[in-house]
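Trainee: Curious how this folds, go ahead:
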Amino acid sequence: MKSFVTAAAVLAVFTGCTGDGPDEQGTMALGRPEVSVRGLSSTGFMLVWDAVENAGSYTYEFNGGEPVSTGDRTVSFSGLDNHTEYVVALKAEPEEESPYNASDYTYVHVFTDDVLPLETPRIVLGCAYASNTIISWSVVSGASGYEYTIDGRTEETGETQAIISGLEPGREYTFSVKAVSEDIQNSKDSAPASITFTTETGDIPQYLIVPTSVVADAVSFDVYAKAGDLYYYDVVPGYLMSRYSSVELMETYRSAILQYAEEQGISLSLALGAVLSSGTGSFTVTGLVSEMTYAIIAFGMDTKGNLTSSLYTSEVKTTATGESDGPDFGGSDWFSQRFYIDNAISSLGGEDWTSSTVTEWSGYGVEDMRYRVLATADFNTLFSDPPDQDLLKTFLKDENYAYVATPAHLATINTMGSITVVTSGLLPGTSYTLSSLAVSGGEEVLCVNSVTTKTDPTAKTWFAVSAVTDEQYGDPWSTAVAVMRGVEVTSVKYMMVETSALEGVLEDSYQALLEEHGHEADAENIAAVNGGGLGIRFVNLSPQTEYTFIAMADNPSGDRLVRTAQVITDEAPDGVSGSAASVKSGAAPVRGEIIKINPADKGLFPVESTVVPSRGNAGEKDLWTIIHNMKILENE
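Mentor: Here you go, the predicted model:
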């Protein structure tokens with residue numbers, strides 16, 4: 001009985017027994033070919049089969065057509081119709097003067113359909129040495145394994161890392177990897193990702209540090225070392241590295257560890273055994289500052305406290321808070337969304353930004369809206385990268401997969417202009433993608449945005465700005481004060497302009513605006529930024545006008561941050577007026593006056609003091625964490 005499944009790209013192969021056996025006349029017949037399907041798509045496919053013992057050739061019939069003979073064990077079909085079933089009959093033919101008869105047919109039923117590829121792996125080059133090159137890539141959902149190629153060699157692995165040896169020093173190589181589908185009925189292999197690199201001319205170091213993941217407040221990395229080889233590792237701000245020689249840095253750590261053990265009455269061997277690592281290991285350090293360069297350090301030490309190696313380092317830079325490499329597109333003048341993380345909002349529901357995201361939908365005349373939050377890795381697997389928007393719309397229209405906005409939600413959006421919701425129960429340090437489909441008057445609008453949760457509930461930055469009006473510094477309808485605070489800031493440029501002057505100006509262009517119109521802080525002012533804070537008073541502003549303060553700061557590691565703050569002047573008393581220049585009109589921005597400020601003034605220093613849910617008492621910290629939290633290099 002003929003039977004097949006007509007799901008997307010589903011294959012059914014029907015055969016009888018495959019061993020040699022007598023036919024109806026008692027003559028031995030060849031075994032049937034064992035067939036598999038490769039390269040299935042909406043317009044074609046390939047059949048591949050194993051060699052049949054004693055077979056000299058093979059005959060196939062495509063959709064009941066004329067028999068075709070071939071000596072190969074593959075056959076391809078292209079230019080086919082989508083969403084169509086095709087049947088291929090294949091049998092083995094005996095060699096000349098063979099006592100065997102041809103085999104029975106194997107019938108292959110193939111239903112062509114659009115089959116999406118798996119997500120393309122994201123490659124991270126850990127190190128490139130002739131004797132040991134380490135390349136990692138992201139996990140791809142739905143993959144049975146991975147296939148990578150370098151220098152003409154192709155290997156298969158179930159891991160997400162390749163350790164390659166036998167390369168030549170100082171030579172350029174290209175490495176590519178693809179995810180292999182575990183179910184060709186529902187997805188095909190991913191497109192290959194590739195990276196070109198040049199191997200180092202020197203040999204591999206004693207301690208090889210390989211970063212594997214970097215987010216806004218955490219870094220994960222591997223340290224490769226010989227079995228039994230003891231070493232200490234840490235992650236420190238990059239600007240500290242210029243303060244110490246390698247020997248001074250290692251000695252500072254060694255002395256601090258020995259002193260702590262003595263003060264706590266812990267034996268030296270026990271203390272060092274608790275803080276030192278042995279052999280190759282994987283580590284994650286959290287609680288870092290966003291958008292700042294860090295150095296991962298490692299050096300050898302024995303259980304007697306002696307240094308046994310030189311210092312090894314690897315530099316990384318944390319990302320911006322919430323930054324994600326997931327998709328961001330869509331929206332219209334009547335519907336848009338903002339997808340972000342915010343401790344203040346999440347805390348209202350007993351969450352924080354390690355486990356929740358915030359969504360703000362804005363619009364008018366919205367008749368229907370569907371939405372779904374997925375891990376970005378899962379989103380890319382389902383809808384490819386870049387996303388198949390038609391498939392995504394179909395997904396969102398299915399109430400088995402998407403959530404439907406309630407009438408109350410739609411009413412709030414249409415009457416109030418926006419609504420804010422919190423999605424909870426998420427994983428820390430993970431990228432998520434929100435997709436929404438809104439309908440109005442028969443028009444559909446798709447919005448897709450991505451954000452990454454944090455691993456730490458606290459907020460940290462190395463440069464911050466604020467702007468306020470305050471009567472103690474001048475009339476609030478014509479005067480505003482901007483304040484800058486930082487850590488290890490080496491240079492600052494700033495400006496104050498009417499917010500309306502920035503209409504249509506992208507934030508990416510603010511740096512160029514500062515270069516052209518900004519005022520540069522001198523050494524004394526920078527010292528104030530790194531101390532209690534630098535206050536700048538702006539006068540002769542227009543009443544009831546919003547202004548934007550923009551500042552750009554650099555640090556010793558070459559990191560740069562551009563920060564903004566908005567302030568609105570008060571309404572002027574009767575008979576009082578004012579005006580101010582703006583970039584938009586072509587005039588220079590308002591120039592500020594440096595003033596003395598009180599660092600304890602909470603009006604000038606608004607501190608985000610959101611109460612987040614308690615995580616409970618984690619108990620005593622391990623000795624490595626205690627040493628790490630001492631911030632030894634910063635306290636010297």
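Trainee: Let me see the backbone angles for the nearest residue in space to residue 328 that is not next to it in sequence.
Mentor: Spatial nearest neighbour of residue 328, excluding adjacent residues (C-beta to C-beta, 6 or more residues apart in numbering): residue 449 at 5.1 Å. (Glycine included, C-beta is placed from N, CA and C.) When read as degrees, to the nearest 10, the backbone of residue 449 gives phi -140, psi 150.
Trainee: Extract the residue ranges of the chain that are flagged as low pLDDT.
Mentor: 1-27, 185, 385, 575-621, 635-636 (pLDDT under 70).
Trainee: Using PDB, list the CA coordinates for stretch 415-430.
Mentor: Output in PDB follows, covering the C-alpha atoms of stretch 415-430 (Å, rounded to 0.1, in the frame of the first residue of the first chain):
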ATOM      1  CA  THR A 415      -5.700  55.900  24.200                       C
ATOM      2  CA  MET A 416      -2.500  56.500  26.300                       C
ATOM      3  CA  GLY A 417      -0.100  56.200  23.400                       C
ATOM      4  CA  SER A 418       1.900  53.300  24.900                       C
ATOM      5  CA  ILE A 419       2.000  50.400  27.400                       C
ATOM      6  CA  THR A 420       4.900  48.900  29.300                       C
ATOM      7  CA  VAL A 421       5.100  45.200  30.300                       C
ATOM      8  CA  VAL A 422       7.700  43.000  31.900                       C
ATOM      9  CA  THR A 423       8.700  39.600  30.700                       C
ATOM     10  CA  SER A 424      10.200  37.500  33.600                       C
ATOM     11  CA  GLY A 425      11.700  34.100  34.200                       C
ATOM     12  CA  LEU A 426      14.600  34.700  31.800                       C
ATOM     13  CA  LEU A 427      18.200  33.500  32.000                       C
ATOM     14  CA  PRO A 428      21.000  35.900  33.000                       C
ATOM     15  CA  GLY A 429      23.600  36.900  30.400                       C
ATOM     16  CA  THR A 430      21.400  35.700  27.600                       C
END
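Trainee: Which stretches in the stretch 51-200 of the chain count as strands?
Mentor: 55-62, 68-70, 74-77, 85-94, 106-111, 123-128, 133-137, 143-150, 153-157, 161-164, 172-181, 193-198 (DSSP state E, counting those that start in this stretch).
Trainee: can you put those strands in TSV and add mean neighbour count and distance to residue 545?
Mentor: As requested, the strands of the stretch 51-200 of the chain are exported to TSV (neighbours: other C-beta atoms under 10 Å; distance: least, C-beta to C-beta, whole Å):
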stretch	mean neighbour count	distance to residue 545
strand 55-62	18	75
strand 68-70	11	81
strand 74-77	14	69
strand 85-94	20	69
strand 106-111	21	65
strand 123-128	19	48
strand 133-137	22	51
strand 143-150	19	56
strand 153-157	11	62
strand 161-164	18	56
strand 172-181	19	54
strand 193-198	15	50
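Trainee: could those strands be laid out in JSON lines, adding distance to residue 295?
Mentor: As requested, the strands of the stretch 51-200 of the chain are exported to JSON lines (distance: least, C-beta to C-beta, whole Å):
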{"stretch": "strand 55-62", "distance to residue 295": "63"}
{"stretch": "strand 68-70", "distance to residue 295": "62"}
{"stretch": "strand 74-77", "distance to residue 295": "53"}
{"stretch": "strand 85-94", "distance to residue 295": "60"}
{"stretch": "strand 106-111", "distance to residue 295": "56"}
{"stretch": "strand 123-128", "distance to residue 295": "16"}
{"stretch": "strand 133-137", "distance to residue 295": "19"}
{"stretch": "strand 143-150", "distance to residue 295": "29"}
{"stretch": "strand 153-157", "distance to residue 295": "31"}
{"stretch": "strand 161-164", "distance to residue 295": "23"}
{"stretch": "strand 172-181", "distance to residue 295": "26"}
{"stretch": "strand 193-198", "distance to residue 295": "22"}
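Trainee: ok, the residue nearest to residue 328 touching residue 339?
Mentor: Yes. Under the criterion of C-beta atoms under 8 Å, residue 449 makes contact with residue 339 at 3.8 Å.
Trainee: okay, and the common contacts of these two?
Mentor: residue 434 (C-beta atoms under 8 Å, 6 or more residues apart in numbering).
Trainee: Quick one: end-to-end length of stretch 521-540, please.
Mentor: One end of stretch 521-540 sits 21 Å from the other (C-alpha to C-alpha, to the nearest Å).
Trainee: I meant stretch 334-349, not that one.
Mentor: From its first residue to its last, stretch 334-349 covers 29 Å (C-alpha to C-alpha).
Trainee: and what of stretch 309-319?
Mentor: Stretch 309-319 end-to-end distance (C-alpha to C-alpha) = 31 Å.
Trainee: Run through the neighbouring helices and strands of the helix ranked longest in the chain.
Mentor: Criterion DSSP state H: the longest helix present in the chain is helix 246-264. Counting contacts by 3 or more C-beta pairs under 8 Å, 6 or more residues apart in numbering; DSSP states H and E, helix 246-264 packs against strand 230-237, helix 268-275, strand 293-300, helix 623-629, helix 632-635.
Trainee: on that earlier part again, residue 351 is nearest to which of the strands of the stretch 51-200 of the chain?
Mentor: strand 123-128 (30.3 Å; C-beta to C-beta).
Trainee: which neighbours does that closest one have in its sheet, and in what orientation?
Mentor: Next to strand 123-128 in the sheet, as set by DSSP bridges, lie strand 133-137 (antiparallel).
Trainee: roughly how far out does the strand it pairs with sit from the chain middle?
Mentor: How far strand 133-137 lies from its chain's middle: 17 Å, per C-alpha atoms, centre = their mean, to the nearest Å.
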